[in-house]
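Chemist: This is a predicted model, with the sequence first.
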Amino acid sequence: MMRRLLLAALLCGCAAARAQPLDPAGLARLQDAAGHDAAAAYDLGRMVRNGIGTAREPLRALALIESSARRGHAPAMFTLSAMLAAGEGCAADLPAARRWLEAAAELEHPEALQQMAMYVQEGALGFAPDQQRAAQLLREAAHAMTHRAQDH
């Protein structure tokens, strides 16, 4: 709860002055939280990745998001997969991108399931084309979205 309030306050301040850096105390609090909270590390990584309230730093964003992913945060796993596939903040690494995508899908992350379905349908990212499996993954993604809607 405290992390959400802190992030909301930080993001509201950013909305008023889009490209302005966070005040040093706010940034320090968020960075401290990122050290022990996977969701905070992911949130800070997204801010750094997109230049929201702080400078856009692809290498730092990758490190923060990877830190969160390694701690089991499914949205971070999905985002890290996309960054690795695109070579954002690093050299493209398709095998690692696939591993992180599969890890996020294993945790029933809807966007990961949907992306995986697209890759399976197209035969991309090292997946063999398989229309039936793609359809099954899309059904799983839809089911996972119903759980997300119920949680909110």
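Modeler: Sure, I can see it.
Chemist: farthest residue from the center of the chain?
Modeler: Gln132 (27.1 Å; Cα atoms, centre = their mean).
Chemist: before we move on, which element is it in?
Modeler: helix 131-151 (DSSP states H and E).
Chemist: So what's the gap between that helix and the chain middle?
Modeler: 18 Å (Cα atoms, centre = their mean, to the nearest Å).
Chemist: Could you tell me which residues within it count as buried?
Modeler: 134, 137-138, 140-141, 144 (16 or more other Cβ atoms under 10 Å). In this view, the C-beta of every residue, glycine as well, is placed from N, C-alpha and C.
Chemist: related to what we said a few turns ago, pLDDT score assigned to the residue farthest from the centre of the chain?
Modeler: You'll see Gln132 listed with a pLDDT of 98.
Chemist: Return the closest of the buried residues of helix 131-151 with respect to Asp23.
Modeler: Ala144 (37.3 Å; Cβ to Cβ).
Chemist: other SSEs contacting the helix holding Gln132?
Modeler: The criterion is 3 or more Cβ pairs under 8 Å, 6 or more residues apart in numbering; DSSP states H and E, and the helices and strands that helix 131-151 contacts are helix 110-122.
Chemist: Give the buried residues for the helix it packs on.
Modeler: Result for helix 110-122 [16+ other Cβ under 10 Å]: buried residues 110-117, 119-121.
Chemist: what angle separates it from helix 131-151?
Modeler: With axes from the mean of the first three to the mean of the last three Cα atoms, to 10 degrees as the basis, helix 110-122 and helix 131-151 are set at 170 degrees to each other.
Chemist: Right, I'll leave it there.
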